[in-house]
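>>> Pasted the sequence and its predicted model underneath.
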Amino acid sequence: MTLPFLERFPQRVVVFNPTGGYAARQVTAMKEAGTQLLGGIALGRGGGSLDGLPLFDSLAQLPEQPDAAVLYTPPEGTADAIRQCAAAGIPTIVAAAEYVPLHDSLRAAEEARAAGSWLVGPNTLGLCVPEEGLLGSVAPAFCSPGEVALIGRSGTLTLTVARLLTAAGIGQRIAIHVGGDAVIGRNPDEYLAALADDPRTRAVLYCGEIGGDKEYALAEALARFPHPVVATLVGRHAPADRQMGHAGALIGSERESAAAKLAALREAGAHTANTPYEAIAILKKLLAR
């Protein structure tokens, strides 16, 4: 198992629905980060352009085969866009939309996996490989090149921790927001497994959250990972009797609490921290060894 965007950062990126206000800003940011954009899919606007980005009505019209796709398609159209990309054999698919219907996400994630595509999201800010490129909205200015792979379930936390790592002098191999929904294309344990053979990763900082059971699968994967993993979770002070947060962060039982998850990760061999600041202090010591 490999991460296609780490073996070689995509050189032919297609953007779905690039013409909306938010998407257009991200297109500009990706260009500024050095991402090589092949074109945009904007139904009815084929033959036009957006600030120099050529627009097409469908994937079939692209002059070359894309090696990554960033989707700013609305929630109700995201599953179909993922299916199109998977059927076209695009290795990396980043789906930004939040509120994608649950069953749409389930079916689309299954089809992407069956096609061999690595689906990031839905409900993701994407990923940044510092000084190589950006797919989505992880601010390159917050990142710096290095050897720590940052994996986050919360977009805001991923951005915050990337900035804190950079300020502390700890560079990132990658900063990636895997997606905040309950159903996402690939789970944290799969990212960990894929990073195991990456020669440029020395450690992983995992930033999780309450709700769901993704951290338990991550704990099981730790035994097969050759590098240190530092883990922190947000939501330690969430009321035990109240559901809160976005779709991926709903406490349904004690097992889904921050305390229970941190305990499982610690027992499995992770270095656990109550706050991102503690996690960064632990990382500093580990990297200094």
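Sure, I can see it.
>>> thought residue 213 was touching residue 264?
No - using CB atoms under 8 Å, residue 213 makes no contact with residue 264, being 9.8 Å away. In this view, the C-beta of every residue, glycine as well, is placed from N, C-alpha and C.
>>> Show me the common contact partners of those two, please.
With contacts taken as CB atoms under 8 Å, 6 or more residues apart in numbering, not a single residue reaches both residue 213 and residue 264.
>>> Quick check: phi and psi at residue 169.
With angles defined as degrees, to the nearest 10, residue 169 sits at phi 80, psi 20.
>>> what about it, distance to residue 4?
29 Å (CB to CB, to the nearest Å).
>>> Repeat that for residue 213.
26 Å.
>>> ok, back up a step: more neighbours, residue 213 and residue 264?
Set residue 213 next to residue 264 and count neighbours by other CB atoms under 10 Å: residue 264 wins out with 20 against 15.
>>> And the helices in the stretch 101-250 of the chain, which stretches?
Ranges of helices in the stretch 101-250 of the chain, per DSSP state H, counting those that start in this stretch, are 102-115, 155-167, 188-195, 214-221.
>>> So which residues make contact with the third one?
With CB under 8 Å, 6+ apart as the contact definition, helix 188-195 has outside contacts at 1-3, 6, 149, 151, 153, 173, 176, 178, 201, 204, 206, 208, 214-215, 217-218, 220-222, 224-225, 227, 229.
>>> can you tell me which of the residues you listed are in strands?
Per DSSP state E, strands hold the following members of the contacts of helix 188-195: 149, 151, 173, 176, 204, 206, 208, 229.
>>> Where neighbours are concerned, which of those residues has the most?
So for those (other CB under 10 Å), the most neighbours sit at residue 176, 29 neighbours.
>>> Contact partners for it?
Residues near residue 176 by CB under 8 Å, 6+ apart: 120, 126, 127, 128, 138, 149, 150, 151, 152, 158, 191.
>>> May I ask which of those residues has the most neighbours?
Greatest neighbour count in those, by other CB under 10 Å, goes to residue 128: 31 neighbours.
>>> so that one touches residue 145, yeah?
No - when contacts are counted by CB under 8 Å, residue 128 is not listed as touching residue 145 (10.3 Å).
>>> got any residues that touch both of the two?
Common contacts of residue 128 and residue 145 (CB under 8 Å, 6+ apart): residue 172.
>>> can I get the CA coordinates of stretch 64-80 in PDB?
The C-alpha coordinates for stretch 64-80 follow below in PDB (Å, rounded to 0.1, in the frame of the first residue of the first chain):
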ATOM      1  CA  GLU A  64      -3.900  14.300 -20.900                       C
ATOM      2  CA  GLN A  65      -4.800  11.700 -18.200                       C
ATOM      3  CA  PRO A  66      -5.000  13.400 -14.800                       C
ATOM      4  CA  ASP A  67      -3.000  11.900 -11.900                       C
ATOM      5  CA  ALA A  68      -5.100  13.700  -9.200                       C
ATOM      6  CA  ALA A  69      -8.500  15.400  -8.900                       C
ATOM      7  CA  VAL A  70      -9.700  18.000  -6.400                       C
ATOM      8  CA  LEU A  71     -13.500  18.100  -6.200                       C
ATOM      9  CA  TYR A  72     -15.400  21.200  -5.200                       C
ATOM     10  CA  THR A  73     -18.700  19.600  -6.300                       C
ATOM     11  CA  PRO A  74     -21.700  20.300  -4.100                       C
ATOM     12  CA  PRO A  75     -22.600  17.500  -1.600                       C
ATOM     13  CA  GLU A  76     -25.400  16.000  -3.800                       C
ATOM     14  CA  GLY A  77     -23.000  15.600  -6.700                       C
ATOM     15  CA  THR A  78     -19.900  14.500  -4.900                       C
ATOM     16  CA  ALA A  79     -20.500  10.700  -5.200                       C
ATOM     17  CA  ASP A  80     -21.000  11.000  -9.000                       C
END
